[in-house]
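Enquirer: Just the structure for this:
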Amino acid sequence: MGITISKDQMEKIREDFQKHLSKKHLDWKNSTVLTVVSDSFFTANNDVGIEFLDCFIDDEAMKTAQSKIQTFLQQGKTPDTAIERSNGYLYAMNHLKAFFDEQGGVIKYISDISVPAHWIFQGNPKYYNVVGAISNLDTITWAVNQYTKQIKIGDKAYIWLSGSDGGIIAAGTILCSPENKVPETEDPYRVGDLIDQKPYLGVDIKIERKLVDTIIKRTVLLSDGRTKGMSIMKFHSATNFPVTKEAVAVIESIIEGTYKAIPAVIDVPVVSNEKKQYWMYAPGEGSCMWDEFYAKGIMAIGWGELGDLEQYPSKDAMKTKMKSIYGEGYSYKNAGHATWQFANEINIGDVIFAKKGLKKIIGRGIVTSKYVFDESREEYCHTRTVDWTHKGEWDHEGQIVMKTLTNLTPYTDYHKLLENMFDEGPVDPPAQYDNYTKKDFLSEVFMSEDQYDTVKNLLLQKKNLIMQGAPGVGKTFAAERLAYSIMGEKDTSRVMMVQFHQSYSYEDFIMGYRPAEKGFSLAKGPFYQFCKDAEPDDREYFFIIDEINRGNLSKIFGELLMLIENDKRGKQLRLLYSDEQFFVPENVHIIGMMNTADRSLAMIDYALRRRFSFFDIKPAFDSEGFKTYKSLINNKKFNALIDTVSLLNREIAEDASLGSGFCIGHSYFCMDASMNDARLCNLVEYELVPLIKEYWFDEPSKVEQWTKKLHGAVRD
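Expert: Numbers count the residues shown, from 1 in each chain. Okay, here's the model as predicted:
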């Protein structure tokens, strides 16, 4: 029969069935209810040869389902228990069939919960004249790049015009499920040349309500508490997104003129501000727990005898406990590391890749909860909830790491390769970041308001900026905070940092061939990938380069030397290693840092110099921010040391062989650790004195003079 349902409908069945069991079997424990619910979905979670809902049509279908399940289990690792286990699954499925029968049968129940899904399709006016097409056409074809299996004929669609002043400009009905479409080479509404002429998945949409003159503004939806969290507000790199029932009700009320606003409130961030991490994970020995973990939406690890992992203050404490429980014969190095990471280092929003053996990836998911010690479980008690977005089998090139849990985040190329395996399915939930304003910048970076306005305007106008200054003036810190202040939030996904050095090359930066298991493969560099991430987005992106003058800039940038110019943004050029027209998007800003005290480096070449604005960052001992910081420290020796360093900087600046580019920066004195005599003495003895010895290596008397002054400032 082949009854197909959406993911939301599947969750609705699971939720209704669980409530049904809890009310009907008051004597059952919650764990029993959850087990029966999980077991009843066995055919949904495994390819046993029969569609999930077809099992519950009648008694004959149930017998067929049991036979298919038994055959499936006999092909597994424990065929001897196949009959017994299939009977257990049938027991749970009979409860689900009874639930369906009480609702009038499975077909009626599905019909009752089935309502047309609503989708929103996005168009970028940079590439397509969305307004013109909507105004003149009755039917429009739109690309589909996600939820390809969920979108179906009869679903409702909204058309979204991207951009800060954009919003919903039309509504209609989808006329076909996603199918192959051939690009129209003579499409009058396309802006620019048609680059990709390959067939694509798309749908036809009948335009029923044109809102070109009464656009539902993005700003209106952002300001309403029911619609501000819509996926399209957070993700800008896809053509289509689902729309919740609540959001649909708001949109329809705006169209009908009955809208009553519910102002949005500022949410407490639910996702860590830390950068998203990627993990390789084994769901039990030999992935034996995978089916259960997938069905229940969790990930879990063993070592249950340790109890709640949050009671342990350190990794060593965990390993010590393991030795007392399991014996002194092992170091428990990997086990202690895994339990510590599971409880303390995995964050909500992290991506999990589930593995089977050393050659197979069997799933992917997004972490949705903090660590929980679940005492109701007999084994694998250490848990986190996970939204498993994918289930199946994907071949892995080369051997997968053997450990139960491995952090893949440092290996950028590797986790991007893994992500590319999953080319369809739901979008990751949007990360929420702390707001960051100009006021926040001025409270953290010792810079005046006029200086901030200047450096911000230079970056936005020129697109490329180099912050130059003496050691310790906080160039890197200021660059990151400048990016956050322009974005208005600490969105780490739109900021990338690299460091140049003498061996850095075009192949490292843009793309080049690198050794692979079978010869060489073309690998994309960080700047190439960053530009591709920024290309479909309207928001600002910031690429930060530390020690920019340490690299051979003409060699590193190659043909991109022209494309980074502010008036060349968007212009295309063929790349060296691929048959591809590439451009640097207008919303990508480059911030470089240059240490003016590095004598070993040549001046930055003029070809690149004219493409950047240069902003000097100087020691900020006299700034209002640093004066406030001094008052908070309230330490006489610290104040005396600052006064001495200010005098020292004056002499350095007046020295013909040095100059202001060699002055000592204020970040030397911005200490996270507590301010005490020992810390101040160490700062002088092991950081400042060696520096002035380097500066005046040929003037020992001057070194001795200033060494005494610095020592005198921090001693009684």
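
Enquirer: separation between the residue nearest the centre of the chain and Thr219?
Expert: Taking Cα atoms, centre = their mean, the centroid of the chain lies closest to Lys276, which sits 4.5 Å from it. Lys276 is 28 Å from Thr219, where distance means Cβ to Cβ, to the nearest Å. In short, each C-beta sits where N, CA and C put it, glycine included.

Enquirer: Gly104 too?
Expert: Separation of Gly104 from Thr219 (Cβ to Cβ): 46 Å.

Enquirer: One more: Asn464?
Expert: Counting by Cβ to Cβ - Asn464 and Thr219 are separated by 30 Å.

Enquirer: what number of residues lie near Ser86?
Expert: When neighbours are counted by other Cβ atoms under 10 Å, Ser86 registers 22.

Enquirer: quick one: contacts for it?
Expert: Each residue near Ser86 by Cβ atoms under 8 Å, 6 or more residues apart in numbering is listed here: 66, 69-70, 73.

Enquirer: buried stuff in stretch 298-314?
Expert: 298-304, 306, 309, 312 (16 or more other Cβ atoms under 10 Å).

Enquirer: again, but for stretch 641-659
Expert: 641-642, 644-645, 648-649, 652-653, 658.

Enquirer: follow-up on the earlier one: most neighbours of all the contacts of Ser86, which one?
Expert: Going by other Cβ under 10 Å, Ile69 tops the contacts of Ser86 with 25 neighbours.

Enquirer: Spit out the contact partners of it.
Expert: 42-43, 48, 86, 89-90.

Enquirer: taking these one by one, which sit in helices?
Expert: Assigned to helices by DSSP state H, the following of the contacts of Ile69 qualify: 42-43, 86, 89-90.

Enquirer: which one of those is nearest Val191?
Expert: Of all those, Val191 sits closest to Thr43, with 48.4 Å by Cβ to Cβ.

Enquirer: so what's that closest one closest to, chain neighbours aside?
Expert: Distance criterion Cβ to Cβ, 6 or more residues apart in numbering; nearest residue to Thr43, sequence neighbours excluded, is Phe52 at 5.0 Å.

Enquirer: so the one you found makes contact with Ser40?
Expert: No - using Cβ atoms under 8 Å, Phe52 is not in contact with Ser40; the gap is 9.7 Å.

Enquirer: The two: who's more crowded?
Expert: Ser40 (27 against 23).

Enquirer: That one contacts Ala92, correct?
Expert: Yes - using Cβ under 8 Å, Ser40 is in contact with Ala92, at 4.1 Å.

Enquirer: that older thread, looking at the contacts of Ser86, which is nearest Glu60?
Expert: For the contacts of Ser86, the nearest to Glu60 is Gln66 (11.0 Å; Cβ to Cβ).

Enquirer: which residues does the closest one contact?
Expert: For Gln66, the contact set (Cβ under 8 Å, 6+ apart) comprises 86-87, 89-90.

Enquirer: Write the PyMOL selection for whichever of the residues you listed are buried.
Expert: This is how PyMOL selects the buried members of the contacts of Gln66, with burial counted by 16+ other Cβ under 10 Å:
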select buried, resi 86+89+90
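
Enquirer: May I ask which two of the contacts of Gln66 are separated the most?
Expert: Going by Cβ to Cβ, the pair spanning the contacts of Gln66 furthest: Asn87 and Tyr89, at 7.5 Å.

Enquirer: Tell me the confidence at the residue nearest to Thr43?
Expert: Looking at Phe52, its pLDDT reads 85.

Enquirer: the strands in the stretch 251-400 of the chain, which residues?
Expert: Applying DSSP state E, counting those that start in this stretch to the stretch 251-400 of the chain gives strands spanning 278-281, 298-301, 351-356, 360-367, 372-373, 382-395.

Enquirer: still on that earlier bit, between Asn464 and Thr219, which one's more packed in?
Expert: Asn464 (21 against 11).

Enquirer: Wait, the more buried one touches Arg611, no?
Expert: Yes - taking Cβ under 8 Å as the definition, Asn464 is a contact partner of Arg611 at 5.6 Å.

Enquirer: which residues do these two both contact?
Expert: Joint contacts of Asn464 and Arg611 (Cβ under 8 Å, 6+ apart) are Ile564.

Enquirer: in the stretch 601-716 of the chain, what spans have low per-residue confidence?
Expert: By pLDDT under 70, the low-scoring segments of the stretch 601-716 of the chain are 601-608, 671-675, 716.

Enquirer: List the contacts of the closest residue to Lys319 other than its chain neighbours.
Expert: Computed as Cβ to Cβ, 6+ apart, the closest residue to Lys319 that is not its neighbour in sequence is Gly336, at 3.8 Å. Listed by Cβ under 8 Å, 6+ apart, the contact partners of Gly336 are 315-316, 318-319, 322.

Enquirer: go on, Ile207?
Expert: Taking Cβ under 8 Å, 6+ apart, we find Ile207 in contact with 134, 137-140, 159, 170-172.

Enquirer: For the helix or strand harbouring it, buried residues please.
Expert: Assigned by DSSP states H and E, Ile207 belongs to strand 200-210. Across strand 200-210, burial judged by 16+ other Cβ under 10 Å covers 200-205, 207, 210.

Enquirer: which one of the residues you listed is nearest Tyr326?
Expert: Leu201 (52.5 Å).

Enquirer: Distance-wise, check that closest one relative to Gln75.
Expert: Taking Cβ to Cβ, one finds Leu201 at 34 Å from Gln75.

Enquirer: and what of Gly257?
Expert: Taken as Cβ to Cβ, the span from Gly257 to Gln75 is 60 Å.

Enquirer: for stretch 357-366, which positions count as buried?
Expert: 361-366.

Enquirer: do the same with stretch 334-342
Expert: So, applying 16+ other Cβ under 10 Å, buried residues of stretch 334-342: 335-342.

Enquirer: cool, and stretch 611-628?
Expert: Here stretch 611-628 shows 611-613, 615, 617-621, 623, 625-626 as buried, counting by 16+ other Cβ under 10 Å.

Enquirer: Sort out for me which of those residues are in helices.
Expert: 625-626.

Enquirer: Output the buried residues of stretch 611-628 as TSV; include the columns distance to Asp374.
Expert: Below are the buried residues of stretch 611-628 laid out as TSV (distance: Cβ to Cβ, whole Å):
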residue	distance to Asp374
Arg611	57
Phe612	55
Ser613	56
Phe615	54
Ile617	51
Lys618	56
Pro619	54
Ala620	51
Phe621	55
Ser623	52
Gly625	48
Phe626	50
